[in-house]
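Asker: Build me a model from this:
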Amino acid sequence: MTLYEVQDATTDATTLELDRHVFHSWSAQGALKPLVIAGGSGAEVWDEDGRRLLDFSSQLVNTNIGHTHPKVVAAIQEQAAILPTVAPSHANRVRGLAAQRILEVAGEPFSKVFFTNGGADANENAIRLARLATGRDKVLSAYRSYHGNTGAAIVATGDWRRVPNEFARGHVHFWGPFAYRSEFWSTTPEQEAERALHALERIVEAEGPGSIAALLVETVPGTAGVIVPPPGWLAGIRALCDRWGIVLIFDEVMAGFGRTGDWFAFQNPQLNPDRIVPDLITFAKGVNSGYVPAGGVIIPPALAAEFDTRVFPGGLTYSGHPLAMASIVAAIDAMREEGIVENARRIGTEVLAPALAELADRHAVIGDVRGLGVFWALDLVEDRATKAPLPPAEMARIKGALVAAGLLPFVQDNRIHVVPPCIVTDEQVARAMAIYDAVLP
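Answerer: Residues are numbered from 1 along each chain as shown. Just a heads-up that it's a prediction; the model follows:
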């Protein structure tokens, strides 16, 4: 009997009836009727009736290598037959190989990886490392950000989700640059960066530079709107951190491993022409496309050396879990061998950028198009002059219509995030653009 046959033999309940036993995240439970996903392959998923949908959400912007990539699936199956779990205190070959692969694509000067179960606890442990290394307490992060739903990570988050969860100490927020919806009355991207850096510098001075352990930023804020930083921002925050001995943490949980057309977003020459490097990098999602939960912190020698003779007071039962490690090795190898990062870059430059610009020309509801690689957002507005966001009811209608037309979207607030897997083809992009075109008013 197959797994599904065994499951079906135990109950006559439908999937939605069974789902009533599930307590869903970020939801009021009473009115839920989630979309049933039964399977997936490449850039498509399907329901139990076999109806196929283009997955232009990449689930939670993490299936970068696509669904059921055969090399990653095989690696997990092989590892499960060899050693399905091992304590993090032991040495294990596949764990070392996974760390080696990650360090190879991260580049100099990084030398170690601390493995976690996902992005939230990656940020949690990066904050811990920064506080212990500096002896300071405060963490600065942006209002337009999402860093995860654990103690410090959710309070570092800038959106509404932190408000009912503010139990961690020492967090200060600032407005980062966002040229389309500027908080600084800027008229150019360069002016936006200059004014945002000035405002951040004043906050650092007011909070006391000697009290600040870390500046935690998403290299490209994702859930907040795929906010590509303007020229000068990354170099400016690097200089600010250097001046006051603040640890600079780049949250690459969503932006890393191909999403921007690079292994990491900070390696993108458009975003980072000065080639500045953070002190710590957090990752998850695209490192293995979420096939098995995994994340981590990438650490340079100087910070790692802080714990050569003192105990690092952090750990997770499933840190470096062998099934996750095998999936990381296989995913990175497949991405290299098959040119998947390069495909994401080409798709972004040659296919998505012009197609989305043409879409905006035809639909006045699109106030702004922004992004790179396979990481884009359509900012939908009632009026282009006022930039008033499209109301929630209309966004819900659009989302429902996209699904009915055969596309699974990522919809957040008044935006459609166009975030297909990195393996997406020109033909699949063309199909998606036709669906957007038909649905958008």
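
Asker: before we move on, which element is A153 in?
Answerer: In this structure, A153 is located in helix 151-156 according to DSSP states H and E.

Asker: outside of that helix, which residues touch it?
Answerer: Defining contact as CB atoms under 8 Å, 6 or more residues apart in numbering, one finds that helix 151-156 is touched by 120-121, 123-124, 127-128, 139, 141, 145, 147-148, 161-162, 165-168, 171, 216. C-betas here are computed from N, CA, C, even on glycine.

Asker: can you do 6 Å?
Answerer: Residues from elsewhere that reach helix 151-156 (CB atoms under 6 Å, 6 or more residues apart in numbering): 120, 123-124, 127, 139, 141, 147, 162, 165-166, 168, 171, 216.

Asker: Ok, stretch 210-229 next?
Answerer: Contacts of stretch 210-229 with the rest of the structure, by CB under 6 Å, 6+ apart, involve 130-131, 134, 136, 138-141, 144-146, 156, 177-178, 241, 246-252, 254-255, 265-266, 370-371, 375, 377, 412, 415.

Asker: buried set for that stretch?
Answerer: 212-229 (16 or more other CB atoms under 10 Å).

Asker: Next, check those against the strands and list the overlap.
Answerer: Of the buried residues of stretch 210-229, the ones assigned to strands by DSSP state E are 212-218.

Asker: TSV for those, including pLDDT and distance to A28?
Answerer: Shown next, in TSV, are those (pLDDT from 0 to 100; distance: CB to CB, whole Å):
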residue	pLDDT	distance to A28
I212	98	37
A213	98	36
A214	98	34
L215	98	35
L216	98	30
V217	98	31
E218	98	27
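
Asker: got a pLDDT number for the nearest residue to S319 once chain neighbours are set aside?
Answerer: Spatial nearest neighbour of S319, chain neighbours left out: P88 (4.0 Å); criterion: CB to CB, 6 or more residues apart in numbering. On the pLDDT scale, P88 is placed at 97.

Asker: Check D308 too.
Answerer: The predicted local distance difference test score for D308 is 96.

Asker: for the one 5 residues further on, same thing?
Answerer: You'll see P313 listed with a pLDDT of 96.

Asker: go on, E17?
Answerer: For E17, the model assigns a pLDDT of 88.

Asker: So H173 lies in a strand, does it not?
Answerer: Yes. Per DSSP: H, G, I helix; E, B strand; the rest coil, H173 lies within a strand segment.

Asker: I'd assumed Y143 was in contact with it.
Answerer: Yes. With contacts counted by CB atoms under 6 Å, H173 reaches Y143, the gap being 5.1 Å.

Asker: who touches both of the two?
Answerer: With CB under 6 Å, 6+ apart, H173 and Y143 have common neighbours G158.

Asker: Tell me the one among the ones in strands among the buried residues of stretch 210-229 nearest to H21.
Answerer: Using CB to CB, E218 comes nearest to H21 of these, at 34.1 Å.

Asker: quick one: the closest one and H363, what's the gap?
Answerer: Going from E218 to H363 by CB to CB, to the nearest Å gives 28 Å.

Asker: Where strands are concerned, which of the contacts of stretch 210-229 count?
Answerer: Counting by DSSP E, these contribute 138-141, 247-251, 370-371, 375, 377, 412, 415 to strands.

Asker: Just the buried ones among those, please.
Answerer: Buried by 16+ other CB under 10 Å: 138-141, 247-251, 370-371, 375, 377, 412, 415, out of the ones in strands among the contacts of stretch 210-229.

Asker: now the helices for the stretch 51-200 of the chain?
Answerer: Counting by DSSP state H, counting those that start in this stretch, the stretch 51-200 of the chain has helices at residues 58-61, 70-82, 93-106, 119-134, 151-156, 189-207.

Asker: And for the stretch 301-441 of the chain?
Answerer: If DSSP H, counting those that start in this stretch is used as the criterion, the helices of the stretch 301-441 of the chain fall at 301-305, 322-337, 340-346, 353-362, 392-404, 426-439.

Asker: and the residue nearest to S319, how far is that from P293?
Answerer: Applying CB to CB to P88 and P293 gives a distance of 14 Å.

Asker: same check, this time on L372
Answerer: As judged by CB to CB, L372 and P293 stand 27 Å apart.

Asker: more neighbours, these two?
Answerer: L372 (24 against 17; other CB atoms under 10 Å).

Asker: G258 is in contact with the more buried one, correct?
Answerer: No. Using CB under 6 Å, L372 is not in contact with G258, being 11.7 Å away.

Asker: that's a helix at V45, yeah?
Answerer: No. Counting by three-state DSSP, V45 is located in no helix; its state is strand.

Asker: what sits against it?
Answerer: By CB under 6 Å, 6+ apart, the contact set of V45 is 37, 53, 55.

Asker: Output those in CSV, with distance to G96 appended to each entry.
Answerer: Formatted as CSV, those follow (distance: CB to CB, whole Å):
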residue, distance to G96
I37, 34
L53, 39
D55, 33
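
Asker: Take these and keep only those in strands.
Answerer: 53, 55.

Asker: Return the member of the contacts of V45 nearest to A405.
Answerer: For these, the residue nearest A405 by CB to CB is L53; the value is 9.2 Å.

Asker: For the residue nearest to the spatial centre of the chain, which non-adjacent residue is closest in space?
Answerer: Closest to where the C-alpha atoms of the chain average out (CA atoms, centre = their mean) is M254, at 1.3 Å. Distances taken as CB to CB, 6+ apart put G222 closest to M254, at 3.7 Å, once the chain neighbours are dropped.

Asker: Show the pLDDT at the one you found.
Answerer: The model reports G222 with a pLDDT of 97.

Asker: Equivalent analysis for the one 3 residues further on, please.
Answerer: If you check G225, the pLDDT there is 97.

Asker: Repeat that for W26.
Answerer: Reported pLDDT for W26: 88.

Asker: circling back: which one of the buried ones among the ones in strands among the contacts of stretch 210-229 sits closest to D308?
Answerer: Once CB to CB is applied, the member of those that ends up nearest D308 is V247, at 17.8 Å.

Asker: Tell me how far stretch 127-141 lies from the chain's centre.
Answerer: Computed by CA atoms, centre = their mean, to the nearest Å, the chain-centroid distance of stretch 127-141 equals 22 Å.

Asker: Please give me every residue in contact with K387.
Answerer: For K387, the contact set (CB under 6 Å, 6+ apart) comprises 367, 381.

Asker: could you measure it against A302, distance?
Answerer: 44 Å.

Asker: cool, and N414?
Answerer: From N414 over to A302 (counting by CB to CB), the distance is 43 Å.

Asker: now N343
Answerer: The gap separating N343 from A302 is 35 Å, by CB to CB.

Asker: Tell me which of these two has more neighbours.
Answerer: Neighbour totals were compared for N343 and A302, and N343 leads with 21 against 11 (other CB under 10 Å).
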